[in-house]
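**Student:** this is a predicted model, with the sequence first.
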There are 6 protein chains.
Amino acid sequence: MPGSQDFAADPRNAHALVYLNGALVARDAALVSVFDGGFLVGDGVWEGLRLHRGALLFLEQHMDRLYWGAAKIRLDLGLTRPRLVANLKDLLAANGMHDGVHVRVMATRGVKSAPNQDPRNALGPATLVMVAEYKVPDPQLLARGLTLHTASIRCSPADMFDMRLNSHSRLNLIIALLEAIDAGADEALMLDPHGFVASCNATNFFCVRRGEVLTSSGEFCFNGVTRANVIALCRQHAIPIHVGDFLAQDAYAAEEAFVTGTFGGLTPVREIDGRRLPGPLPGPLTGRLRALYESLKDSQAAGHG
Amino acid sequence: MPGSQDFAADPRNAHALVYLNGALVARDAALVSVFDGGFLVGDGVWEGLRLHRGALLFLEQHMDRLYWGAAKIRLDLGLTRPRLVANLKDLLAANGMHDGVHVRVMATRGVKSAPNQDPRNALGPATLVMVAEYKVPDPQLLARGLTLHTASIRCSPADMFDMRLNSHSRLNLIIALLEAIDAGADEALMLDPHGFVASCNATNFFCVRRGEVLTSSGEFCFNGVTRANVIALCRQHAIPIHVGDFLAQDAYAAEEAFVTGTFGGLTPVREIDGRRLPGPLPGPLTGRLRALYESLKDSQAAGHG
Amino acid sequence: MPGSQDFAADPRNAHALVYLNGALVARDAALVSVFDGGFLVGDGVWEGLRLHRGALLFLEQHMDRLYWGAAKIRLDLGLTRPRLVANLKDLLAANGMHDGVHVRVMATRGVKSAPNQDPRNALGPATLVMVAEYKVPDPQLLARGLTLHTASIRCSPADMFDMRLNSHSRLNLIIALLEAIDAGADEALMLDPHGFVASCNATNFFCVRRGEVLTSSGEFCFNGVTRANVIALCRQHAIPIHVGDFLAQDAYAAEEAFVTGTFGGLTPVREIDGRRLPGPLPGPLTGRLRALYESLKDSQAAGHG
Amino acid sequence: MPGSQDFAADPRNAHALVYLNGALVARDAALVSVFDGGFLVGDGVWEGLRLHRGALLFLEQHMDRLYWGAAKIRLDLGLTRPRLVANLKDLLAANGMHDGVHVRVMATRGVKSAPNQDPRNALGPATLVMVAEYKVPDPQLLARGLTLHTASIRCSPADMFDMRLNSHSRLNLIIALLEAIDAGADEALMLDPHGFVASCNATNFFCVRRGEVLTSSGEFCFNGVTRANVIALCRQHAIPIHVGDFLAQDAYAAEEAFVTGTFGGLTPVREIDGRRLPGPLPGPLTGRLRALYESLKDSQAAGHG
Amino acid sequence: MPGSQDFAADPRNAHALVYLNGALVARDAALVSVFDGGFLVGDGVWEGLRLHRGALLFLEQHMDRLYWGAAKIRLDLGLTRPRLVANLKDLLAANGMHDGVHVRVMATRGVKSAPNQDPRNALGPATLVMVAEYKVPDPQLLARGLTLHTASIRCSPADMFDMRLNSHSRLNLIIALLEAIDAGADEALMLDPHGFVASCNATNFFCVRRGEVLTSSGEFCFNGVTRANVIALCRQHAIPIHVGDFLAQDAYAAEEAFVTGTFGGLTPVREIDGRRLPGPLPGPLTGRLRALYESLKDSQAAGHG
Amino acid sequence: MPGSQDFAADPRNAHALVYLNGALVARDAALVSVFDGGFLVGDGVWEGLRLHRGALLFLEQHMDRLYWGAAKIRLDLGLTRPRLVANLKDLLAANGMHDGVHVRVMATRGVKSAPNQDPRNALGPATLVMVAEYKVPDPQLLARGLTLHTASIRCSPADMFDMRLNSHSRLNLIIALLEAIDAGADEALMLDPHGFVASCNATNFFCVRRGEVLTSSGEFCFNGVTRANVIALCRQHAIPIHVGDFLAQDAYAAEEAFVTGTFGGLTPVREIDGRRLPGPLPGPLTGRLRALYESLKDSQAAGHG
């Protein structure tokens, strides 16, 4: 498999420190035991954040989601929320980072006495890792757009595996992505149990059909902070939006499409299952929403968020 | 959460070496990067094996399952099957292990350039870990039996998350187990999408109803080697067995129940959702099947398998 | 099975008269034929009402539901609605009842020529029974709270068995309750066919999550008069309420929970599947809604409803 | 609604005694309290049996089903199985009955302290009723055949309401029957949750298609003793039979159809949803199976069963 | 099968010209090849329109739907929308038609090189047919009303066969209609995959229940122009309307019911599955909505639409 | 869309006569009315047959399926089965055809009085068309293999649209095929409602996994004559075959795959969703089954079938 191309490597990251259980360590020294529950059985939750012009964007929403997820899996992060944020800011300061930085906070069950599922086998506190890297979306993506492939793997209902949980157990999504890669596409488009469009494997999906923005109901997709921001922007700016069921076939016939995520913001889609969407990249409404979202980010960073 | 009690800790394990990417290292030195795909996103497959009287039991079936899983997630283990087995045997020899040993072979996506799902970001070979530990089932369990609790989390169909895959992404099963723990039970009983009994969270489930052994259809449960052996033993010994749909309520009314796994073999169940099953522990048919399975193990170990 | 403890027996009930097909009879003389369709095949509908400070609360809603149910099963009650209410009031007067009284109106297919399903075998008019009893909720329940257990039995969709019908055929709900009793809980929490929380076996379920009241969509639960009142009170008092899908796991993580019914009004929940909900009993929002509901009852009784 | 016509009333029944909780009483004196769980909430199980030439046919199968059902709802019948059979035989003897008699054994939760679902409110033992009546199928039905109507009400899966349980809660089936009656048909044909033919509302359904007998999988229909006998007869006599999924449309195109039940044995069907099935009544294969079943009954009665 | 009676034949139609691929031809000369994709495999879309007082009613909505459908099946109609409308008006002019005319525009894949599914085998342009006929609803229908029969065939979800597409592939609906005809009814009432009322086989269904108009969610029914108009009229005139799930049983208990379509407008329903709805025909609310719809048509025709 | 390439055009077909309602006419004169039910609403059934060495292969099975389908849609073909076969043989004789000929028999509702669904509007007899063409599979396909693309459109259950019916209403399948064409593939692979592999859009699908042949359960695919022959050949020759559920992912990991149909027999598959299957084309087991099937055809043609 050739390397994926959604971001440009940045040499500065090689020297960036990593937060590991209270210490700041070199990237190569950021090691965990093979008996860590995160490694053994994917027992952990994570959060992605974006450092923009000195500010951690939408910080409260991200912390809400992280602590909600930890509570859901009964994981004690070992740090209060303000303390965790302070530690993260210390990491960024130590790395001299100010802008264009992507952060991943990871909390797992920690070292266990035995390599099995049982969380009671955890020997001590949770493992807490924070990685901050200079990482900006490939600028060519804006004009080139992503290609999507509908996977045979579907999104699960929440009584089987809750998609709203940012978990360390992503193998089903990786298998969906592998299908997309095999089909020559960048990312997998995934349907919900009823056959409606739910999500991409790592981002949320939107398309524009007859001037109306469509996105899934939210029941079978990531509980995305960017998704919520885009929906809110549509409503604030009277852009018609349908948050509900639609078909892959409706997406095939869309004028525009894009995906959302903390890392890439809004990324245009060029092609779905081999069908080239009409029009320029990004499409006019995608472009407008991107601009609105960039303004929102700037406004947040300036303290007006 | 108090520690689980399904096995007795063995002090010898503290000094047992661990296989890590070709080297034998001390337990405390068995470390992987926080950028390993196994840690980041549960991107890996594993296999449990049992060393009994010097023999790795049902070795071919376990290797079939491991290599099938790796192929399914497109993971190149980097070792031929004979080579991997040879390395495992070297580990056991180095540890002087002969009997009563549980082995976990883990293969993950290896170190990645970025903490995301994309397997193309793997920088090098797979991570291969082999852990061998002295570990025997708690002997009191035979007389005490397990208590089960039906979880609200259900087993997923294979077009969402294939239960037949021994994956490093187990968080849905851990959440089910957490429900059981909260309810004061040892393990979660899980239903399939249609409401039939499918599996426990880490073992397969059997019960005995009017003299007939019941177990699930196999579509929504672990592809268990012990399960397959028990089914085969029933058929060889003309013990009536139904491999198909049945309800939690049928299990409540069972004469006996037990779970199966590589580690514990057949473990009797005492209670399901607060209902004490009638009769002694283990029940007569459970006892008979246990004896047959022990004979099969001995026979395998003696080279007659 | 030990006796359930959700109400205190009242010795006055032993002497209360029962309405039976136009007559007022002693409790021991309130007998029906074993050929009555209600006894044979659960062929009937009932209604629970509450006498509070001399008034039958929410009488119109209860009569709507009773006559709707009777029409649905094609049962001619034999009395006009005003006549039935008059008879009920006569019963209450004859018993000298004024407050703290629970009423059950039951209407069944009457005596049949043969013990089978066919309603055309009814030989004569419907059987109409009205039982009025002094019955108040156990005052300790407010501080102790109910314990719930998620049953393996799920609520049925309306094309199989319409939960909105207050029927004499409750055996599926009783089986769910038996599961709860076996698990040491007071009442069963039941999921809908899609795995979302639907109802308890005899009451409707609400919980409070991050300050928002959650209750099920209404498609798979009792068509509760108290439920409707609580929803309306939330809306009138700007208490955030979500009437729709949520998971058992969301309920586990709730700040507060309560059930609703005509008999008990709002009853706090202490524990779900072994998980103790945080905080005091009743929780602050439960307490506030209880107070609002009590005011509503008083207002109704005072003729301002 | 005009009276149904599937049997001829027999004047001898007016004087037949009824077994009620250990006593033999006149039909008019067979009364139960309105506080009986059977009347209040359909909390009971029943069994139909046939007295043929002095023998209670298939007695063991019927007793298995009755005691299985009682165990499932946790109802203690209060009598051992031999004792219950002895009491039933005493009833038949007291009534001087020898042939052409239909028996219904009913066991309910007994008198309760309050009119609600909770089985723990039962004040004493179960109510046990046995009704024996001279009752033979209308002989004209053989030549006239039944008319069926596909109901909008579907059979429930066992995790909602187990159709295998002969319960006193039959209102969903009665509602299905009401649809059939409204459509001018004799009985309702009911589909399973997946749209396949499951059952009639009170009997099991079979049809003959290209010489092969079709009946449902058994997962969503009554656990019929006659059904099991007919399936066994087909297998013994090498009559092709498919026990599995088929559509209403396959039934429309059948050469013959019949329903089975303890009372009527095999009853031919003339018409389904207004479509007249071709050929004479009963059809040739229906006739053959009827004859085989009559022989089986005679053989059982002669002690060779 | 006797002829259906929902419209009166009009002798003028025998001489009306038909538009066929650019030419106006006599009815008998309106022929297509047996290799036309429309004939071979139902590969086409159509649209029904109504000429009222010289105006093609709701022309834009109908053209939207036609061109949406053609785009969905990747069929190039070969004519711009204005050109197609101009041709249609020419046809009407050539036939001297002004009022009471029903138009069917049909566009199929055209002549193919082989009788199979592959649209790439089309040898040339699409086949475009326009039929205009004098056709008015049978005036007696208003007082007589339609009879409906619930079919065993259900409406499909859009990931199987999108009901919103006015396709030339209608055999599933015809099979549903055949069930209705066999049952002596005029039209089939069809349920959705979850058992709720979805649609009739060729029209959309509405009923009135306690003064509220009920119609299906729109996910599993025709994307009807008349349906949309009726919903809009209800909203404009503050007539309560529920656009969502309801049961066949709710329809049985309705005060009134009617179906909608371009040809018939609003047609009252007399009977569903043998149940006579109460009250006069048309019912008061049906009558009111009919009048509102007639006004809307007149207003449109007068150029005020 | 470029022309598909699964067969070579044969100039002899231009002059072959076509059977049309009893007459033999030139291909260009094979015309039907635009009022024919086949054209209007896809109201018809068809059958494909193969003329091989002078014999119509598996003629009885094909006639069974044709007459079954006609009966299912209540279409009177107007000809007895022997008469229809005789007419077909006359057509072949008139065309001097002996080998390498594909036949399509089509029967539709005939000319109707109005362009709607109602089959009672048929004015006269069914339209019967028989097309015989020289048509052989592209010989290069054997070595090149087909490419498949999993469509978002799924196969419908039989209570929505029975896949076993060879109908003139194929637009859902054409839409699935259009997805495949857009994705650059030859044919669509379609899943069943539960996510298992069901069928291709115009052929049935088989794959080989670890030496075992896999094909779908038959509940959601074409009732293929070739499919049945291949299954029977496997069983006769002790080739392991699983007729049941499997996933798209199992097909991705197959050693070989092929599709079956009357026209092409067994055609190898090269690639599924962009994944190249391993090994030569055709694969060894595909090659063996092809040879067995060719022998069966020859044997049939020689009169030994």
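**Tutor:** Thanks, I have the structure now.

**Student:** report how many residues lie close to A:His168.
**Tutor:** Applying other C-beta atoms under 10 Å in any protein chain shown, we find 29 residues neighbouring A:His168. C-beta: built from backbone N, CA, C; applies to glycine.

**Student:** that one and B:Arg74, how far apart?
**Tutor:** For A:His168, the distance to B:Arg74 (C-beta to C-beta, to the nearest Å) stands at 20 Å.

**Student:** which residues touch the closest residue to A:Pro268 other than its chain neighbours?
**Tutor:** Excluding the flanking residues, the one nearest A:Pro268 by C-beta to C-beta, 6 or more residues apart in numbering or on different chains is A:Pro282, at 3.9 Å. Neighbouring residues of A:Pro282 by C-beta atoms under 8 Å, 6 or more residues apart in numbering or on different chains: A:142-143, A:145, A:256, A:258, A:266, A:268, A:290.

**Student:** now A:Tyr252, nearest residue through space, not along the chain?
**Tutor:** Residue nearest to A:Tyr252 in three dimensions, not counting chain neighbours: A:Arg275, with 5.0 Å by C-beta to C-beta, 6+ apart.

**Student:** mind listing the residues bridging to the most centrally placed residue in chain A?
**Tutor:** Centroid-nearest residue in chain A: A:Gly261, 4.9 Å away (criterion: C-alpha atoms, centre = their mean). Following DSSP bridges, A:Gly261 is listed with bridge partners A:Gly265.

**Student:** mind listing what it touches?
**Tutor:** Shown in contact with A:Gly261 (C-beta under 8 Å, 6+ apart): A:48, A:202-204, A:224, A:226, A:267.

**Student:** switch to 7 Å and redo it
**Tutor:** By C-beta atoms under 7 Å, 6 or more residues apart in numbering or on different chains, the contact set of A:Gly261 is A:202-203, A:224, A:226.

**Student:** how much space separates whichever residue of the stretch 151-300 of chain A sits closest to chain C from B:Glu179?
**Tutor:** Using C-beta to the nearest C-beta, the closest approach of the stretch 151-300 of chain A to chain C is made by A:Asp159 at 3.1 Å. To B:Glu179, A:Asp159 is 12 Å away according to C-beta to C-beta.

**Student:** give me the common contacts of those two.
**Tutor:** Contacts common to A:Asp159 and B:Glu179, judged by C-beta under 7 Å, 6+ apart, are B:152-153.

**Student:** quick check on the closest residue to chain D within chain A: phi, psi?
**Tutor:** Closest contact between chain A and chain D, by C-beta to the nearest C-beta, is at A:Asp159 (13.2 Å). Dihedral pair for A:Asp159: phi -80, psi 0, per degrees, to the nearest 10.

**Student:** neighbours around A:Arg270, how many?
**Tutor:** Residues near A:Arg270, counting by other C-beta under 10 Å, number 18.

**Student:** return the residues in contact with it.
**Tutor:** A:144-147, A:276-277, A:281.

**Student:** possible to save the residues you listed as CSV with pLDDT, distance to chain E and neighbour count?
**Tutor:** Formatted as CSV, the contacts of A:Arg270 follow (pLDDT from 0 to 100; distance: C-beta to the nearest C-beta, whole Å; neighbours: other C-beta atoms under 10 Å in any protein chain shown):
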residue, pLDDT, distance to chain E, neighbour count
A:Arg144, 95, 25, 14
A:Gly145, 96, 21, 24
A:Leu146, 97, 23, 23
A:Thr147, 96, 20, 19
A:Arg276, 93, 13, 11
A:Leu277, 95, 13, 21
A:Leu281, 95, 21, 18
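
**Student:** many thanks, I have nothing further to ask.
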